[in-house]
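Engineer: Pasted the sequence and its predicted model underneath.
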Amino acid sequence: MRELFNQIFTVANVTFMLRGLRMTIMVAILATIISIFFGTLLALIRTYSAGKWRWAGTLVAVYTEFFRCTPNLLWILWIYFTVKGNKVAVTVFAISLFTSAVMAEIFRGGLNSIPQGQFEGAQSQGFSFVQTLWYIVLPQMYKKVIPAMLSQVITIIKDTSFLKMVDVAEFMRNSAVVMGSIYDVRGMLMLFAFQALCYFIICFALSCVVRGYQKTLVTG
């Protein structure tokens, strides 16, 4: 067993897999930043569009429901085979399209929890609508949705494993390359355990952050 372990977890193999893990984290960070930006924009449009701009809210509603009700992997594959460009950039775009819809619903829930009196008070102080959103509403909204947002970030990290299907050199794909030289079931199980451990460490750390933040909300 020790010989098998030493055969699999060589310096070269571990370095190669951790290089893929670095790609996984990079993709997750980029997709998270893009999704937070566009998710916020979508949530604002859907929540506050009225009158002649009501059609914009309807379009956003169609977008969010359509993407939330279809698999992320489907969009990764579809966009990968239809959009030309750098593989990493294309797949980050695909994940962001899907996750922006999820983030938009999280942020919309946060916006709906802000009392209307906040707008009335800001207006009485001479704030414009945009200033009210920027200085008063959005800071409160982000504070309220941090736990749900971090939970979605954990989902993004796990969903990067789908990129193995389109040959992006992330953690699962690089691990699969190493596994290609293993012909012992015990060795494969060791490698599976290593993959699970790496994902667990990252996602559990974020889960602890979420739980810690929720405790501060309760005690604070």
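Structural biologist: Structure received.
Engineer: all helices for this protein, in order.
Structural biologist: 2-8, 11-48, 54-68, 72-82, 87-112, 117-124, 129-132, 138-159, 171-179, 185-219 (DSSP state H).
Engineer: Nearest to residue 165, out of those?
Structural biologist: Checking those against residue 165 by C-beta to C-beta gives helix 72-82 as the closest, at 6.5 Å. (Each C-beta comes from the backbone N, C-alpha and C, glycine too.)
Engineer: sorry, back to before: would you mind finding the most buried of the helices of the chain?
Structural biologist: Mean neighbour counts were compared across the helices of the chain using mean count of other C-beta atoms under 10 Å; the top stretch is helix 87-112, at a mean of 21.
Engineer: quick one: it to helix 11-48, angle?
Structural biologist: Interaxial angle, helix 87-112 versus helix 11-48 (axes from the mean of the first three to the mean of the last three C-alpha atoms, to 10 degrees): 40 degrees.
Engineer: Next, the angle from helix 87-112 to helix 72-82.
Structural biologist: If you take the same axes, to 10 degrees, helix 87-112 sits at 140 degrees to helix 72-82.
Engineer: Which secondary structure elements does helix 87-112 sit against?
Structural biologist: In terms of contact count using 3 or more C-beta pairs under 8 Å, 6 or more residues apart in numbering; DSSP states H and E, helix 87-112 is assigned the packing partners helix 11-48, helix 54-68, helix 72-82, helix 138-159.
Engineer: Ok, which of those helices comes nearest residue 196?
Structural biologist: Counting by C-beta to C-beta, residue 196 lies closest to helix 138-159 out of the helices and strands packed on helix 87-112; the figure is 11.1 Å.
Engineer: For that closest one, name the packing helices and strands.
Structural biologist: With contacts taken as 3+ C-beta pairs under 8 Å, 6+ apart, helix 138-159 sits against helix 11-48, helix 87-112, helix 185-219.
Engineer: circling back to that earlier point, just send the helices of the chain back as a markdown table, with mean pLDDT too.
Structural biologist: Shown next, in a markdown table, are those (pLDDT from 0 to 100):
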| stretch | mean pLDDT |
| --- | --- |
| helix 2-8 | 82 |
| helix 11-48 | 95 |
| helix 54-68 | 93 |
| helix 72-82 | 91 |
| helix 87-112 | 93 |
| helix 117-124 | 84 |
| helix 129-132 | 89 |
| helix 138-159 | 91 |
| helix 171-179 | 92 |
| helix 185-219 | 87 |
